[in-house]
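1. predicted model, plus sequence, below.
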Amino acid sequence: DERFYLHTGVDLLSVGRAAAGNLLRGHVVSGASTLSMQLIRMLEPRPRTLWSKAQEAFWASSLEAHLNKNEILEDYLQFVPFGRNVEGIEAASLWYFGHRPSHLSPNEIATLLAVPQDPNDRHPGKSKYLLLQARNAIAERLYTEMNWNLEEILAQPVPNQIQPIPREAPHAARWMQSTSSALRINSTLDAGIQRRIEKSLVHIRENRARAGIYNTAIVVVDRSTAEIRALVGGFDFWDDAHSGQIPAFDVPRSPGSALKPFLYAQAIDEGKILPDTL
């Protein structure tokens with residue numbers, strides 16, 4: 001959709017070009033759908049007929065009258081197909097490369113741009129050759145129009161399989177999901193601190209199990225801002241035998257144990273006990 005920022009939902013030049021080309025060839029060789037029309041088709045799938053095209057054109061024009069171009073593009077990127085059941089740039093970035101779109105490299109951007117044109121045949125695991133050829137063509141265009149480093153992109157491989165979706169901070173994620181209906185939840189968790197805390201529990205868990213302790217809770221708070229940096233609700237989220245999926249940091253308990261470290265520290269400060277006093 002080269003004239004996305006110029007048309008009002010329907011690109012009449014593209015319609016004329018596609019009609020002439022299809023008539024000359026005697027069959028459909030190209031379409032004239034704009035991104036706005038494609039967004040309408042993704043939201044309300046219809047049979048591939050001329051009547052459906054006319055409906056998509058009408059609703060695309062209506063969409064353009066209510067949303068600006070950047071809003072339409074943002075919505076398009078949330079629903080665009082990337083093969084299999086992967087939809088949207090956010091999911092595709094995680095499935096293809098294991099990280100969020102904000103960290104995409106030029107090669108990864110070129111790869112993702114190539115897939116939606118033919119998502120059934122270009123997704124990882126289907127045809128690495130077709131995906132590589134399409135990626136290279138996109139890379140050459142990015143080099144021409146944006147002066148990106150072509151050699152650097154072409155030297156990188158394309159993914160040949162789907163990556164496992166990251167499942168970090170499961171207790172915190174499930175807890176936040178249960179307390180909010182928002183599609184996106186902003187938190188103050190620090191990924192580095194969260195991973196460090198979870199990693200430390202791996203070494204502690206076995207020793208605690210010998211003492212019959214199978215649950216834990218850790219809350220890390222930045223005392224200068226009162227923001228929560230890490231939330232751990234148990235040793236193992238998948239430990240069904242010991243109710244591992246319960247977020248222990250959200251379970252009410254006696255305040256006595258919570259006060260003991262402060263009372264202990266105060267007693268040391270006042271000289272009433274020593275650090276090794278039982």
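-> That came through fine. Residues are numbered from 1 along each chain as shown.

2. check which element follows the helix or strand bottoming out on mean pLDDT in the chain along the chain.
-> Ranked by mean pLDDT, DSSP states H and E, the weakest helix or strand in the chain is helix 12-25, scoring a mean of 73. Of the helices and strands lying after helix 12-25 in sequence (DSSP states H and E), the nearest is helix 35-43.

3. that following helix: which residues count as buried?
-> By 16 or more other C-beta atoms under 10 Å, the buried positions in helix 35-43 come out as 35, 36, 37, 38, 39, 40, 41. To be clear about C-beta, it is placed using only N, CA and C from the backbone, and glycine gets the same treatment.

4. correct me if wrong: the third one contacts residue 7.
-> No: in this structure, residue 37 is not within contact of residue 7 by C-beta atoms under 8 Å, at 10.1 Å.

5. how much space between the spatially most central residue of the chain and residue 97?
-> Among the residues of the chain, the one closest to the centroid is residue 90, at 3.6 Å (C-alpha atoms, centre = their mean). According to C-beta to C-beta, to the nearest Å, residue 90 and residue 97 sit 12 Å apart.

6. next, the contact list for the residue nearest to the centre of the chain, please.
-> Residue 90 makes contact with 78, 100, 101 under the criterion C-beta atoms under 8 Å, 6 or more residues apart in numbering.

7. where do the strands sit along the stretch 1-150 of the chain?
-> Applying DSSP state E, counting those that start in this stretch to the stretch 1-150 of the chain gives no strands.

8. next one: phi and psi at residue 256?
-> Main-chain dihedrals, residue 256, degrees, to the nearest 10: phi -60, psi -50.

9. and it, what pLDDT?
-> We have a pLDDT of 77 for residue 256.

10. before we move on, what about the one 4 residues further on?
-> Each residue has a pLDDT score; the one for residue 260 is 88.

11. so which elements touch the strand or helix carrying residue 193?
-> For residue 193, the element it lies in under DSSP H and E is helix 191-210. Under the contact definition 3 or more C-beta pairs under 8 Å, 6 or more residues apart in numbering; DSSP states H and E, helix 191-210 sits against strand 218-222, strand 227-232.
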